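*Asks:* quick one, fold the following:
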Amino acid sequence: MSAKKRLGSVFQSIADMAANSVDSPLPPADLDYITSARAAVLEQSPKGGRYVLWAVVVFFVVTVLWASWAELDEFARGEGKVIPSQYVQVVQNLEGGILAELYVREGERVARGEKLLRIDDTQFASSLREAGVTLAQWELKSMRLRAESNGEAFKPEIKKDWPQFLVDQELAYYQSRQQELAGNKEIYDQQLTQRKQELAELEARKEQLQRSYNLLNQELQMTRPLVSQGAISEVELLRLERQVNDLLGELEAAQLAIPRVKSSLDEAKEKLASVDIVFRREAQEELNKVTLELSRLQETSEALVDRVQRTMVISPVAGTVKQLLVKTIGGVIQPGMDIVEIVPSEEIMLVEARVRPADIGYLHPGQKAKVKFSAYDFSVMGGLDGEVVHISPDTIQDEDGDSFYLVRIETSRTFIGPGGRELPIIPGMTVSVDILTGKKTILDYLLKPILKTKQLAMSER
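*Replies:* Down below sits the predicted model:
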């Protein structure tokens with residue numbers, strides 16, 4: 001039966017009661033049938049009593065109307081505690097070392113990125129400096145080789161942390177290499193000049209031998225007729241023939257030497273031209289090797305920088321220092337060991353509450369809730385508004401064997417207090433939680449026992 005129908009039946013009952021309780025005047029025709037006592041009562045009945053009765057009826061009707069419309073919040077209640085929105089953060093150090101400085105104490109609040117402690121970095125800093133010098137040396141070498149391979153002047157872009165002696169050393173080596181290159185070019189240039197001179201001498205000798213051969217051969221041709229005439233002896237003729245043959249041999253030798261000298265000349269030209277090419281090619285090949293080594297050294301240097309930076313241990317989150325596991329200055333921190341425990345304190349705080357299984361059917365994520373803290377007076381400080389974000393899928397039993405559902409509520413603030421006061425809320429605080437499950441009218445509360453009794457009436461075995 002709906003509330004309106006129940007309200008209508010109540011009003012009808014009230015009207016019937018009023019009609020039966022108030023004596024209305026009788027029609028004149030009915031006065032003949034009543035007794036004298038009844039007539040006397042009717043004549044003496046006061047009007048004020050009827051007004052009071054009607055006032056009571058009106059008050060009752062208004063009360064019922066108010067009870068049917070006035071609504072009350074319906075809550076599911078639970079008890080629990082505040083938990084951090086993140087797990088406790090355990091700070092470690094990969095390499096370990098010797099504790100040099102400690103900046104925080106247990107219970108102290110820290111910001112994200114704040115210094116917690118410092119590990120002695122002497123060993124890592126020394127390795128980093130050595131790696132820096134080596135890296136600068138290879139970078140300068142790379143710049144020099146790049147200039148040599150491109151045929152450019154070596155003008156290094158000096159960084160402020162580079163040792164000057166490395167720059168001077170590389171510049172001196174560059175100048176030495178340039179002098180060596182110039183010396184090689186000069187050698188090949190001299191060879192080229194020598195070959196040109198040899199070629200010129202051979203060509204001049206060839207021309208001279210050719211003229212001598214022509215003259216001597218002409219003399220030989222003129223002498224032969226004289227031998228038959230007896231004017232010149234045969235011995236003189238043989239001497240001329242031998243001289244002609246010797247000149248011819250020298251002439252042929254000169255002619256054969258000219259191509260060989262020309263070949264040497266071309267070879268000298270090629271060598272002179274290839275000096276720069278070979279120099280640049282060798283510089284490029286060495287540059288490729290240096291680039292690979294430089295890449296490896298940069299990775300090593302970055303790893304060392306990371307090691308040195310990790311000697312300054314910082315907080316990964318904002319929160320409260322729960323525990324310092326190393327407190328002795330000069331104490332040894334083993335690689336990977338736990339150093340500091342931090343309880344996060346983010347802008348969102350979670351409340352974990354226990355709710356009875358009888359109430360779980362009315363709960364779902366997204367419902368509003370009011371969180372009250374036992375550490376603060378609710379009538380003075382108030383509570384925090386929250387929202388249900390998680391309900392455990394099954395019941396959980398405690399040590400006493402009581403079953404409950406675990407409900408997590410997310411609050412919008414991590415502090416409480418009216419009038420600008422900000423009292424902190426920290427993990428571990430006990431709370432009571434009222435989860436809004438719906439609304440009911442006062443009339444529903446009043447009629448609930450009656451309706452429940454009616455539903456159960458005459459249904460038992």
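*Asks:* and E71, what's its pLDDT?
*Replies:* E71 is assigned 63 on the pLDDT scale.
*Asks:* please, which helix or strand holds E207?
*Replies:* helix 164-229 (DSSP states H and E).
*Asks:* for that helix, name the packing helices and strands.
*Replies:* If you count contacts as 3 or more Cβ pairs under 8 Å, 6 or more residues apart in numbering; DSSP states H and E, helix 164-229 packs onto helix 122-150, helix 234-310. Where you see a C-beta, it was placed from the backbone N, CA and C, and this is true even at glycine.
*Asks:* buried residues, the very next helix or strand once past the longest one. List them.
*Replies:* For helix 234-310, the succeeding helix or strand toward the C-terminus, using DSSP H and E, is strand 312-314. By neighbour count on 16 or more other Cβ atoms under 10 Å, the buried set for strand 312-314 is V313, I314.
*Asks:* residues in contact with strand 312-314?
*Replies:* With Cβ atoms under 8 Å, 6 or more residues apart in numbering as the test, strand 312-314 has contacts from V91, N93, G113, E114, K115, L116, L117, R118, I119, I339, V340.
*Asks:* which one of these is nearest V82?
*Replies:* V340 (21.8 Å; Cβ to Cβ).
*Asks:* contacting residues around the closest one?
*Replies:* V90, V91, V104, L116, L117, V313, S315, V321, Q323, L324, L325.
*Asks:* same thing with L94?
*Replies:* Contacts of L94 (Cβ under 8 Å, 6+ apart): R310, P335, G336.
*Asks:* filter those residues to the buried ones?
*Replies:* R310.
*Asks:* how about the contacts of L94 in TSV, adding pLDDT and distance to V355?
*Replies:* Shown next, in TSV, are these (pLDDT from 0 to 100; distance: Cβ to Cβ, whole Å):
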residue	pLDDT	distance to V355
R310	88	45
P335	90	46
G336	89	41
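*Asks:* what about the residue nearest the centre of the chain, which SS state?
*Replies:* Nearest residue to the geometric centre of the chain (Cα atoms, centre = their mean): P316, 12.9 Å. Applying DSSP: H, G, I helix; E, B strand; the rest coil to P316 yields a three-state assignment of coil.
*Asks:* pretty sure it contacts R112?
*Replies:* Yes. Using Cβ atoms under 8 Å, P316 is in contact with R112, at 7.1 Å.
*Asks:* secondary structure, pLDDT and distance to E234 added to the contacts of V340, as a markdown table?
*Replies:* Output for the contacts of V340, formatted as a markdown table (DSSP: H, G, I helix; E, B strand; the rest coil; pLDDT from 0 to 100; distance: Cβ to Cβ, whole Å):
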| residue | secondary structure | pLDDT | distance to E234 |
| --- | --- | --- | --- |
| V90 | strand | 90 | 124 |
| V91 | strand | 91 | 122 |
| V104 | coil | 92 | 128 |
| L116 | strand | 92 | 123 |
| L117 | strand | 93 | 121 |
| V313 | strand | 92 | 118 |
| S315 | coil | 92 | 124 |
| V321 | strand | 90 | 130 |
| Q323 | strand | 89 | 131 |
| L324 | strand | 91 | 129 |
| L325 | coil | 90 | 126 |
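*Asks:* going by distance to L215, which of these wins?
*Replies:* Distances from L215 to those, taken by Cβ to Cβ, are shortest for V313, at 105.4 Å.
*Asks:* do a quick rundown of the strands in the stretch 1-150 of the chain.
*Replies:* 71-84, 89-92, 97-102, 109-110, 115-119 (DSSP state E, counting those that start in this stretch).
*Asks:* turn the ones you listed into TSV, columns for distance to L247.
*Replies:* Compiled in TSV, the strands of the stretch 1-150 of the chain are given as follows (distance: least, Cβ to Cβ, whole Å):
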stretch	distance to L247
strand 71-84	115
strand 89-92	100
strand 97-102	95
strand 109-110	109
strand 115-119	97
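*Asks:* want to try TSV for these, with distance to M381 and mean neighbour count as columns?
*Replies:* Shown next, in TSV, are the strands of the stretch 1-150 of the chain (distance: least, Cβ to Cβ, whole Å; neighbours: other Cβ atoms under 10 Å):
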stretch	distance to M381	mean neighbour count
strand 71-84	15	17
strand 89-92	29	16
strand 97-102	36	17
strand 109-110	21	18
strand 115-119	33	19
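*Asks:* which one of the ones you listed lies closest to Q194?
*Replies:* Closest among these, using Cβ to Cβ: strand 97-102, at 69.7 Å.
*Asks:* send over the closest one as CSV, restricted to the C-alpha atoms.
*Replies:* Backbone C-alpha positions of strand 97-102 (Å, rounded to 0.1, in the frame of the first residue of the first chain) are rendered in CSV as follows:
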residue,chain,number,x,y,z
GLY,A,97,78.3,3.9,0.7
ILE,A,98,79.1,5.8,3.9
LEU,A,99,76.5,8.1,5.5
ALA,A,100,77.9,11.7,5.3
GLU,A,101,75.0,13.9,6.4
LEU,A,102,71.4,13.4,7.7
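*Asks:* many thanks, I have nothing further to ask.
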